[in-house]
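In: generate a structure from the sequence data that follows.
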Amino acid sequence: MASSVQRQQEQRRRMLLMEITSIIYLLRQGLALRGHVDEESNLIQLLKLRSIDDSDLQDWINDKKYLSHDIVNEITKEISLTIVRDIVKQDSTIRHDGEWQYDKMHGRGVYTYANGDRYDSQWQYDKMQGRGVVGFISATANYYE
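Out: Alright, predicted model coming up:
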């Protein structure tokens, strides 16, 4: 009995992971998860395509328990929070010394990457503008436009 429960738990973990990776794929492609009809949504269609290689996934789709709007929204929210945490972690090693306007890099400034490389340029609302100088830690400066 215990091995049956463990097998079922492992199967559900695999199916949930397939659902999560499908959501990540659709989000990276900039595609909507839902359609006008749930059965025609990009997420369901992608899962159906993936179920060709895994028969357990077809049962997961038919069950619909973990494909509800609330569950998909919760998964999407967790994915976005993970991305934000990664950005914040990276941001702690990246810095901009220069002018700011409305909390954006604006004007003259030097952007220092986590590895120590630097980009000295004009900035306009967080975007590099015009000609700048890139300084690599292991090389001499290069000019880029």
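
In: C-alpha only now, for contacts and for neighbours.
Out: Noted.

In: any idea what the nearest residue in space to Arg95 that is not next to it in sequence is bridged to?
Out: Spatial nearest neighbour of Arg95, chain neighbours left out: Thr112 (5.4 Å); criterion: CA to CA, 6 or more residues apart in numbering. Assessed by DSSP bridges, Thr112 has beta-bridge partners Arg95, Arg118.

In: in this protein, which spans are strands?
Out: 95-101, 104-112, 118-124, 127-135, 142-144 (DSSP state E).

In: what is the orientation angle of the second one with strand 127-135?
Out: This means strand 104-112. Inter-element angle recorded for strand 104-112 and strand 127-135: 10 degrees (by axes from the mean of the first three to the mean of the last three CA atoms, to 10 degrees).

In: okay if I get the strands of the chain as TSV plus distance to Leu46 and mean neighbour count?
Out: Listed next are the strands of the chain as TSV, based on distance: least, CA to CA, whole Å; neighbours: other CA atoms under 10 Å:
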stretch	distance to Leu46	mean neighbour count
strand 95-101	40	15
strand 104-112	38	18
strand 118-124	40	21
strand 127-135	36	16
strand 142-144	42	11
